[in-house]
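1. here you go, sequence then predicted model.
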Amino acid sequence: MPKVSELDSRILKILLTDGRTGYDSIAKACGEPKNKVWKRCKAMEKKGIITGATVQINFAQFGDAALATILISIESQQMEQAMGFTDKITEVRAYRQYNSIYNVRAVATLKDLNELDHVKQMIKWKLPITGLKTYIWAGVRNNPENLNFTRNRNTVEIGQQRLTSVVNRVTNEVEIDDVDRQIMQKLAINGRMSFTKIAKDIGLSTDTVVKRYRKLEENGAIKVSIQINPNVIGYSAIMDFSIAFTASEGLTETIVESLSRIPDVIIITKTSGDYDLHLTAMVRDIAQSFDIQDEIARVCGITKIEVSTRKIPIRWPTPMQHITTF
């Protein structure tokens, strides 16, 4: 299994924060020669650690009203049918869950809230489900750079510092048109695709594509991130935590900040319903899963935690996850 050095970890965190960062900028941030950084990146690609690049997007700016988590309980013999059916529903991504009465987790992108009722009805009509629960997303903190590649807390701080600058960036509403969507779709496939190639593919000048990209990026509509294969460097599962806490003014932000400092916690979602937050973490083994659960339980104000697990995809982040909004 490839070992991630301190330098490799710093490079990965920079590229997870901004996947289009150039080798000059990475070298300057790491205090290393550009040629050395380039060699380390190519070595990680060869080892299968870096597997590509994609984008996170702000779905609201691209015309969607909301995102929702749909939890489905179905008999194990019907699992293949359930996964096959949910994959065919437009704008719904499904995952197999373990250690939960809800054995399918789906994320739905909604043009309006009425669409959620439509999706739920389709699932109820087509699948022999025994239970169904939904949560509307109210905000996301997506922080893949919080992965602790070397198990050294000092390297986690790098990701947290860079996240702070992303969270503090002003998000402005921008007018999105078909050209912007074409650029986004190209970057979803390859986040480091050259602007010249994108321009050629969609029939525009390179200068126009660069300006469009800068507009989207600076206004918080998209964020490019490299993709890695977490399995190659020792991660074995994704854990999803549903968390409830006592209602108190100002408590939510305090809890979010505490949870975001836990190594390998990569997504925190504010939700409506029985739980206040959904948290996603990557773990290497059972011992770490217990450690993360203990750290969450120690956060002041948390009253209830529900846990499930799922497999890690070979490319993370997956294309078009939701960009950080809080």
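-> Nice, I can see it. All values derive from a computational prediction rather than experimental measurement. Numbering: from 1, shown residues only.
2. can you pull out the strands in the stretch 1-150 of the chain?
-> Here the stretch 1-150 of the chain has its strands, by DSSP state E, counting those that start in this stretch, at 50-57, 66-74, 92-96, 104-110, 129-142.
3. can you pull out the helices in the stretch 151-300 of the chain?
-> For the stretch 151-300 of the chain, applying DSSP state H, counting those that start in this stretch gives helices covering 153-167, 178-189, 195-202, 206-218, 251-260, 286-297.
4. would you turn those helices into a markdown table with distance to I57?
-> Where C-beta positions appear, they are placed from N, C-alpha and C, glycine not excepted. Converted to a markdown table, those look like this (distance: least, C-beta to C-beta, whole Å):
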| stretch | distance to I57 |
| --- | --- |
| helix 153-167 | 14 |
| helix 178-189 | 6 |
| helix 195-202 | 16 |
| helix 206-218 | 9 |
| helix 251-260 | 21 |
| helix 286-297 | 28 |
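5. closest one to L147 among those?
-> Across the helices of the stretch 151-300 of the chain, L147 has its closest neighbour in helix 153-167 (7.5 Å, C-beta to C-beta).
6. give me the low-pLDDT residue ranges for this structure?
-> 153-172, 247-250 (pLDDT under 70).
7. give me the nearest residue to E91, chain neighbours excluded.
-> T109 (4.0 Å; C-beta to C-beta, 6 or more residues apart in numbering).
8. who does the one you found form a beta bridge with?
-> Note on T109: beta-bridge partners L67, judged by DSSP bridges.
9. residues in contact with it?
-> 59, 64, 67, 91-92 (C-beta atoms under 8 Å, 6 or more residues apart in numbering).
10. restricted to buried residues, select these in ChimeraX.
-> In ChimeraX syntax, the buried subset of the contacts of T109 is picked out as below (16 or more other C-beta atoms under 10 Å):
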select :59,64,67,92
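11. list just the nearest of the contacts of T109 to Q78.
-> V92 (17.2 Å).
12. look up how far R310 lies from that closest one.
-> Plainly put, V92 is 16 Å away from R310 if you go by C-beta to C-beta, to the nearest Å.
13. L116 now?
-> From L116 to R310 the distance is 22 Å (C-beta to C-beta).
14. kindly report the same for I89.
-> From I89 to R310 the distance is 19 Å (C-beta to C-beta).
15. distance between stretch 131-151 and the chain's centre?
-> Stretch 131-151 sits 6 Å away from the centroid of its parent chain (C-alpha atoms, centre = their mean, to the nearest Å).
16. what about it, start to end distance?
-> Stretch 131-151 has an end-to-end distance of 39 Å (C-alpha to C-alpha, to the nearest Å).
17. residues of that stretch that come out buried?
-> Buried, per 16+ other C-beta under 10 Å, within stretch 131-151: 132, 134-137, 140-150.
18. sorry, back to before: same list (the strands of the stretch 1-150 of the chain) but as TSV, adding distance to S9.
-> Listed next are those as TSV, based on distance: least, C-beta to C-beta, whole Å:
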stretch	distance to S9
strand 50-57	13
strand 66-74	30
strand 92-96	27
strand 104-110	29
strand 129-142	19
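19. and of those strands, who's closest to N231?
-> Short answer: strand 50-57, nearest of the strands of the stretch 1-150 of the chain by C-beta to C-beta, at 10.4 Å.
20. doesn't A43 make contact with V4?
-> No - V4 lies out of contact with A43 (C-beta atoms under 8 Å); the separation is 11.0 Å.
21. of those two, which one has the most company?
-> V4 (23 against 13; other C-beta atoms under 10 Å).
22. contacts only, for the closest residue to that one other than its chain neighbours.
-> Leaving aside its sequence neighbours, V4 sits nearest to F149 (C-beta to C-beta, 6+ apart; 4.1 Å). Counting by C-beta under 8 Å, 6+ apart, F149 makes contact with 4, 8-9, 12-13, 155, 233.
23. of the residues you listed, just the buried ones, PyMOL syntax please.
-> The PyMOL command for the buried members of the contacts of F149 (criterion: 16+ other C-beta under 10 Å) is given here:
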select buried, resi 4+8+9+12+13+155+233
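24. of the contacts of F149, closest to G301?
-> Of those, the one sitting nearest to G301 (C-beta to C-beta) turns out to be T155, at 28.3 Å.
25. beta partners for I129?
-> Beta-bridge pairing for I129 (DSSP bridges): I74.
26. so how many other residues sit close to it?
-> Going by other C-beta under 10 Å, the residues that sit close to I129 add up to 17.
27. just checking, it touches I70?
-> No - the pair I129 / I70 is not scored as a contact, 10.5 Å apart, by C-beta under 8 Å.
28. which residues are common contacts for the two?
-> Common neighbours of I129 and I70 (C-beta under 8 Å, 6+ apart) are I123.
29. related to what we said a few turns ago, out of the strands of the stretch 1-150 of the chain, which is closest to V174?
-> Judging these by C-beta to C-beta, what sits closest to V174 is strand 50-57, at 12.1 Å.
30. distance of the spatially closest residue to I101 that is not a sequence neighbour relative to I305?
-> Sequence neighbours aside, S73 is the residue nearest to I101 in space, at 5.3 Å (criterion: C-beta to C-beta, 6+ apart). S73 is 19 Å from I305, where distance means C-beta to C-beta.
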